[in-house]
Structure formats: C-alpha cells, structure tokens
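*Asks:* sequence first, then the predicted structure:
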Amino acid sequence: YLVQFLWYIGFMVIEYRFMLDWERGGGVASIVTSAVITGTLLYGAFKSARDSVTPRTAARIATIIIGVDILNQLVLQYFNWRNRQFDINSITGLSIYLFFDIAFIVLVLVFFLSEKPRSPIPIYIVAGIDIFMVIASYTTNLLGAVGTAQITKFMMTSSLRIFAVLLIPTLFIYMTAVLYRKRRLAKT
C-alpha cells in the first residue's frame, strides 16, 4: 500500500494536467484512501513489532481499512455519476460490494471482540469471496483493455492495485487464524 500510495502521488503529478475535474477528485480520493490504509497498516506493523496487538486492536485495524474502502467506493461512484458513467450495473456492483464489506466488518467485530472462541469459517468464506471478486473484476477489465491503447496504462495502474487489494483479505485471514489458534491454546 505504501508503494501504491507513492505511485498514486507520482501518477497524479504527471497526469493531473490532462484530467477533468471529476477525474482529479477520484484521484485525490484514491490518494487519501491509500494514505489512510498505509498509515493503519504501519500502525498495525508497529503494534505487531512491539507484540502488543490485542483483539481490539486487530478489530480496529480491520474496521478502519474496510470503512475507508467503503467511503472510497462511495466517493468514486459519486464522481462516476458526475461524469454520467453511473448506470444500473454500477448500482448493482456497488450494492454487492457494500454488502460484502459491511458483512465483513460485522463478522470481524463479532469474531475479534467476542470473549469466547468463535468459528473463523465465516471470515474465511467472506474473505475468499472478496478475493474471488477482485480477481474476477481484474480479469474482466484486463480482457476489455486487451487490444486497446489503454492496455499499458491499465497494466501499470491495475496490476499494482490488485496486488495491494489482495493483500488485505489475506491479512485478515492471517489475523483471524492467529487469534483463533491463540484462543484455542488458551482454552486448553
């Protein structure tokens, strides 16, 4: 995410003069989102290095990351609407995306803030669906860009983004597995 954040800043500096107002707004939203998520991940890494990550800290980190991502999606859809690129497919995609993100927040809060051990399976399922949806969206967009002049720009921007985006559900799966293992060991 730090590399993506720096990439967005460099991209905005180079491309800013060629963008329309609504594109600038979407770019700024992406930069702010990357900055907040990067800061949150660095905070988590700092807490982890000090071995002071608690379930509350993990829940806070997950909620901030997912919440900021939800706000980013809403802002980007607003700018798409301003550009008249908002249709029924956008509404459907946004609804599905928001449903899974909100479900993920609820599952993470229930799992991490619960005193008694809960099954991690629901988090694994939602994270797996999220990973599948990201890969499917990337593949669909890649196939749409093949053979066009935008393929180079797509490969440069989207390949870095998919790598960063796939790391988040993977991190949540890891955090869930570690906490579940610790709770089972404490129980025995």
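*Replies:* Arrived safely. Numbers count the residues shown, from 1 in each chain.
*Asks:* give me the buried positions along stretch 134-147.
*Replies:* Buried positions in stretch 134-147, judged by neighbour count with 16 or more other Cβ atoms under 10 Å: 134, 138, 145. C-beta here means a position set from N, CA and C on the backbone, and glycine is covered the same way.
*Asks:* so residue 92, which of the three states?
*Replies:* helix (DSSP: H, G, I helix; E, B strand; the rest coil).
*Asks:* do you know how far it is from residue 37?
*Replies:* Here the criterion is Cβ to Cβ, to the nearest Å. By it, residue 92 lies 25 Å from residue 37.
*Asks:* for the two, work out which one has more neighbours and name it.
*Replies:* residue 37 (24 against 10; other Cβ atoms under 10 Å).
*Asks:* contacts only, for that one.
*Replies:* Listed by Cβ atoms under 8 Å, 6 or more residues apart in numbering, the contact partners of residue 37 are 1, 65, 68, 69, 168.
*Asks:* rerun at 7 Å
*Replies:* 1, 65, 68 (Cβ atoms under 7 Å, 6 or more residues apart in numbering).
*Asks:* where does this structure have low pLDDT?
*Replies:* Across the chain, the ranges flagged by pLDDT under 70 are 4, 7-25, 83-90, 153-154, 156-157.
*Asks:* can you tell me the element residue 122 falls in?
*Replies:* In this structure, residue 122 sits in helix 121-145 according to DSSP states H and E.
*Asks:* which strands and helices sit next to that helix?
*Replies:* helix 88-113, helix 151-187 (3 or more Cβ pairs under 7 Å, 6 or more residues apart in numbering; DSSP states H and E).
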